[in-house]
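1. coords please:
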Amino acid sequence: MTARQRWLLRTAWLLTGDVHTAEDLVQTTLAKLYLAWDRVSARGVDAYARKILFNEHATMWRRTWRHREVVTDDLTGHEVPVRDEEYDGTRTALWEAVRGLAPRQRAVIVLRYYEQLSEAETAEALGISLGTVKSQANRAVATLRARLGDRTDLVDWEEE
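-> Below you'll find the predicted structure:
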């Protein structure tokens, strides 16, 4: 759990766009992983944890009664978990635009391009059809292109 917590937190932050919500999501994921530890299959712990994380995230944005609390003063000193040695900060505008996508589109983009899963793996992780993954990715990329325009610092980021 300790070895994967930062990875899960980065992914959760990319999905939610809020460090506090991401922490809640990771804690729920780790608790459910612990409870299902004896059922973790040959797929491995990472795949099982990823599935739980995305299912919990989907459950969060499917709730019609949910309301979002926004922290106005972050006195906790939390850093954005995506800022790590493997993230050089040049893509801030891109991730800001990704965080502005609809939840399902954001989940597809994070899985396809950040986690580098195939379309089939993305569909399985989110519990949606392959066609839905393709259409959501297409719409999300079109939205990102419209929002980002012709940014020269993002020129090497393309749809696969």
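
2. just name the shakiest helix or strand of this structure by mean pLDDT.
-> Taking mean pLDDT, DSSP states H and E as the measure, the chain has helix 92-99 as its least confident helix or strand, at a mean of 77.

3. in that helix, what's buried?
-> Under the neighbour-count criterion of 16 or more other CB atoms under 10 Å, helix 92-99 has Leu94, Trp95, Ala97, Val98 buried. Quick note: C-beta positions are derived from backbone N, CA and C, even for glycine.

4. kindly report the same for stretch 113-133.
-> Result for stretch 113-133 [16+ other CB under 10 Å]: buried residues Tyr113, Glu115, Leu117, Glu119, Glu121, Thr122, Ala123, Glu124, Ala125, Leu126, Ile128, Val133.

5. just the closest of those to Leu9, please.
-> For those, the closest approach to Leu9 (CB to CB) belongs to Glu115, at 13.7 Å.

6. the closest one: what's it in contact with?
-> With contact set as CB atoms under 8 Å, 6 or more residues apart in numbering, Glu115 has these partners: Thr11, Arg50.

7. one more time with 7 Å
-> Contacts for Glu115 (CB atoms under 7 Å, 6 or more residues apart in numbering) come out as Thr11.

8. same thing with Leu30?
-> By CB under 7 Å, 6+ apart, Leu30 lies in contact with Met1.

9. state the mean pLDDT of stretch 123-133.
-> Across stretch 123-133, pLDDT averages out at 88.

10. contacts for it?
-> Contacts for stretch 123-133 (CB under 7 Å, 6+ apart): Arg50, Lys51, Phe54, Asn55, Ala58, Ala107, Val108, Leu111, Leu117, Glu119, Ala120, Thr122.

11. please report how far the first one lies from Val110.
-> Read it as Arg50. Going from Arg50 to Val110 by CB to CB, to the nearest Å gives 10 Å.

12. more neighbours: which of these two?
-> Between Arg50 and Val110, counted using other CB atoms under 10 Å, Val110 has the larger neighbour count: 25 against 22.

13. just checking, the more buried one touches Thr16?
-> No: checked against CB atoms under 7 Å, the pair Val110 and Thr16 is beyond contact range at 10.2 Å.

14. care to break the protein down by domain?
-> Per automatic domain parsing, the structural domains of the chain span 1-87, 88-160.

15. and those domains, which one averages the lowest pLDDT?
-> Among the domains of the chain, domain 1-87 scores lowest, with a mean of 74.

16. appreciated, that's everything.
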